[in-house]
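Novice: dropping the sequence and predicted coords here.
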Amino acid sequence: MAKSNPTKAAPFRFFDNREKYLLFVTTCSEKQAIARRVGQELAAIRPQPPSLNLYDAGMGDATVLTRVLRDLHRRLPTVPFLVLGKEISLEDVRLSLDKLPDRFAEHPQMVVVITNLTYREAARLQPRDGDARLNWWDVPLNGSTAHDFAEQVTDLQSILAEGWQTRTSPRSGNPLYVTPSVLVLYRADQKFLLDQVIPARGEAPDGYDLVIASQPYRARSAAEHKVRNVLAPLARALRPGGRMLVVQSTGHDPGMEIICSLWPDEAPFQTPRHSLIEALSAHLAESDPDIVHAAQGEELSLFRYHLHALPDEVGANIGTSTLLAAWNAAIYVAQIEDARLTQVLHTGAYLDATRDVLRRHGELWFLDESFVFTCQSP
């Protein structure tokens with residue numbers, strides 16, 4: 001068994017590793033499962049004029065966001081949407097933009113704002129220190145078809161190259177923006193109707209009806225850090241009646257069995273939802289007593305997602321590609337650093353452990369948990 005020996009070098013933010021991330025999201029159904037979980041909250045949303053405001057606090061490649069927008073259009077086809085996506089990864093922003101033209105074609109009265117600002121700053125669309133270097137791009141899209149919009153979105157690469165440069169924090173290893181940037185997209189033929197929805201530089205939206213906080217922090221971070229730097233700022237961005245859905249991994253699944261086969265003492269998921277609910281409630285109790293936990297049953301709080309594989313791919317003869325996809329998913333979810341992986345990759349033990357778990361369960365699945373905070377109406 002490999003011993004746990006975390007590197008003393010600068011922390012490595014595992015879930016920004018592009019190759020492992022892209023393999024995970026294309027071989028596992030987590031994004032689809034999260035979008036379905038978000039959909040279970042939409043019936044409770046009561047938007048007020050001039051728009052329904054949605055904040056995806058960690059947009060990623062926008063797979064979750066675009067699925068949620070399809071669901072929202074089905075429910076509210078004539079309501080204007082203001083959609084804020086926080087994302088610091090240039091590659092994720094590029095992938096996200098590629099998915100948006102179809103949304104603009106189906107739901108014309110929509111404004112999409114993409115920013116690299118921090119959790120504390122993004123809701124206000126303004127750096128905390130009022131940084132005058134703020135890049136602000138207002139981009140009306142001409143035409144009326146998805147093809148029209150896709151052509152123009154493709155031409156935004158120079159904006160992304162300028163606005164989404166990053167540097168690495170020497171303390172946490174997390175990427176930090178070089179220059180705060182905001183990109184505002186909407187259809188030019190809807191500008192008159194969206195006049196009260198399109199944000200202007202220096203003007204913040206008046207809160208959000210829905211905040212999606214899906215895996216917004218490193219699993220091993222302390223509860224106090226997660227609450228102070230991520231969850232509390234997001235909760236305070238809610239409008240009266242708004243809802244914040246938080247999703248995180250639990251580790252109570254076959255994926256963690258693979259990890260523990262190699263690192264028996266591994267325990268990356270240090271803050272189960274009950275501890276975060278308690279910590280966030282205590283943090284908000286005095287300053288924001290109107291933001292409270294919305295109690296829900298286990299059927300809503302826990303949900304599975306799985307590795308995409310045909311039954312005969314996890315039978316007696318498991319292919320190498322399936323084993324590698326399963327291994328990648330397990331180490332991605334558990335956020336195992338590259339420095340520790342080198343200890344086990346020179347042997348076949350990691351493939352043996354993965355094969356054993358797949359044969360025992362006949363599949364590979366993972367368990368996520370969720371909880372909701374809501375801002376009570378006055």
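Specialist: Here it is on my side, so go on.

Novice: CA atoms for contacts and neighbours, from now on please.
Specialist: Noted.

Novice: what sits against the spatially most central residue of the chain?
Specialist: Centre of the chain computed as the mean C-alpha position; nearest residue by Cα atoms, centre = their mean is residue 58, 3.7 Å away. By Cα atoms under 8 Å, 6 or more residues apart in numbering, residue 58 lies in contact with 85-87, 212-216.

Novice: and the closest residue to residue 154 other than its chain neighbours, what element?
Specialist: The spatial neighbour of residue 154 that comes closest, neighbours along the chain excluded (Cα to Cα, 6 or more residues apart in numbering), is residue 98 at 7.7 Å. Using DSSP states H and E, residue 98 falls within helix 90-106.

Novice: same deal with residue 369?
Specialist: strand 365-375.

Novice: what about that strand, distance to the chain center?
Specialist: 13 Å (Cα atoms, centre = their mean, to the nearest Å).

Novice: picking up where we left off before, please tell me how far the residue nearest to the centre of the chain sits from residue 88.
Specialist: 8 Å (Cα to Cα, to the nearest Å).

Novice: what of residue 101?
Specialist: 21 Å.

Novice: between the two, tell me which one has more neighbours.
Specialist: Relative neighbour count places residue 88 above the other of residue 101 and residue 88, with 26 against 22, counting by other Cα atoms under 10 Å.

Novice: could you point out which element follows the lowest-mean-pLDDT helix or strand in the chain?
Specialist: The weakest-scoring helix or strand in the chain, judged by mean pLDDT, DSSP states H and E, is helix 338-345 (a mean of 85). Downstream of helix 338-345, the first helix or strand assigned by DSSP H and E is helix 349-361.

Novice: next, the buried residues of that following helix.
Specialist: Buried residues in helix 349-361, counted by 16 or more other Cα atoms under 10 Å: 350-351, 353-355, 357-358.

Novice: for the protein, which segments count as strands?
Specialist: 52-57, 81-86, 110-115, 135-141, 166-168, 175-177, 181-187, 208-214, 238-249, 291-294, 302-306, 365-375 (DSSP state E).

Novice: which outside residues touch the fifth one?
Specialist: Read it as strand 166-168. Residues contacting strand 166-168 (Cα under 8 Å, 6+ apart): 88, 174-178.

Novice: quick one: least confident of those?
Specialist: Among these, residue 174 has the lowest pLDDT, at 80.

Novice: which residues are in contact with residue 361?
Specialist: residue 254.

Novice: same question for the one 4 residues further on.
Specialist: Remark: with contacts taken as Cα under 8 Å, 6+ apart, residue 365 is in contact with 253-255, 304-307.

Novice: between the residues you listed, which has the most around it?
Specialist: Result: residue 255 is most packed of those (other Cα under 10 Å), 27 neighbours.

Novice: of the contacts of residue 58, which pair is most distant in space?
Specialist: 85 and 215 (14.5 Å; Cα to Cα).

Novice: more neighbours: the two, which one.
Specialist: Set side by side, residue 85 and residue 215 show more neighbours around residue 85, with 27 against 16, by other Cα under 10 Å.

Novice: who's that one bridged to?
Specialist: residue 56, residue 114 (DSSP bridges).

Novice: residues contacting it?
Specialist: With Cα under 8 Å, 6+ apart, residue 85 has these contacts: 55-59, 112-115.

Novice: tell me which two in those are the farthest apart.
Specialist: Largest pairwise distance in those, by Cα to Cα, is 14.2 Å, between 58 and 112.

Novice: tell me who's in contact with residue 84.
Specialist: Residue 84 neighbours (Cα under 8 Å, 6+ apart): 53-56, 112-115, 123.

Novice: which two in those residues are spaced the farthest apart?
Specialist: Top of the distance list for those (Cα to Cα): 53 and 115, 15.2 Å.

Novice: okay, the buried residues of helix 349-361 in JSON lines with distance to residue 18 next?
Specialist: Shown next, in JSON lines, are those (distance: Cα to Cα, whole Å):
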{"residue": "350", "distance to residue 18": "21"}
{"residue": "351", "distance to residue 18": "22"}
{"residue": "353", "distance to residue 18": "24"}
{"residue": "354", "distance to residue 18": "22"}
{"residue": "355", "distance to residue 18": "25"}
{"residue": "357", "distance to residue 18": "26"}
{"residue": "358", "distance to residue 18": "25"}
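
Novice: and of those residues, the nearest to residue 35?
Specialist: residue 358 (26.0 Å).

Novice: residue 364 is in contact with the closest one, correct?
Specialist: Yes - look at residue 358 against residue 364 with Cα atoms under 8 Å: they come within range, at 6.0 Å.

Novice: just the buried ones from the contacts of strand 166-168, in PyMOL syntax?
Specialist: Under the burial definition 16+ other Cα under 10 Å, those of the contacts of strand 166-168 that qualify are selected in PyMOL by:
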select buried, resi 88+174+175+176+177
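
Novice: just give me the closest of the contacts of strand 166-168 to residue 341.
Specialist: residue 174 (19.5 Å).

Novice: how much space separates that closest one from residue 88?
Specialist: Counting by Cα to Cα - residue 174 and residue 88 are separated by 10 Å.

Novice: just residue 36 next, same as before
Specialist: With distances taken as Cα to Cα, residue 36 is found 25 Å from residue 88.

Novice: and of the strands of the chain, who's closest to residue 336?
Specialist: Comparing the strands of the chain by Cα to Cα, strand 238-249 comes nearest, at 13.8 Å.

Novice: direction included, what does that closest one pair against?
Specialist: strand 208-214 (parallel), strand 365-375 (antiparallel).

Novice: dump those to CSV, plus mean pLDDT and distance to residue 239.
Specialist: As requested, these are exported to CSV (pLDDT from 0 to 100; distance: least, Cα to Cα, whole Å):
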stretch, mean pLDDT, distance to residue 239
strand 208-214, 98, 5
strand 365-375, 98, 7
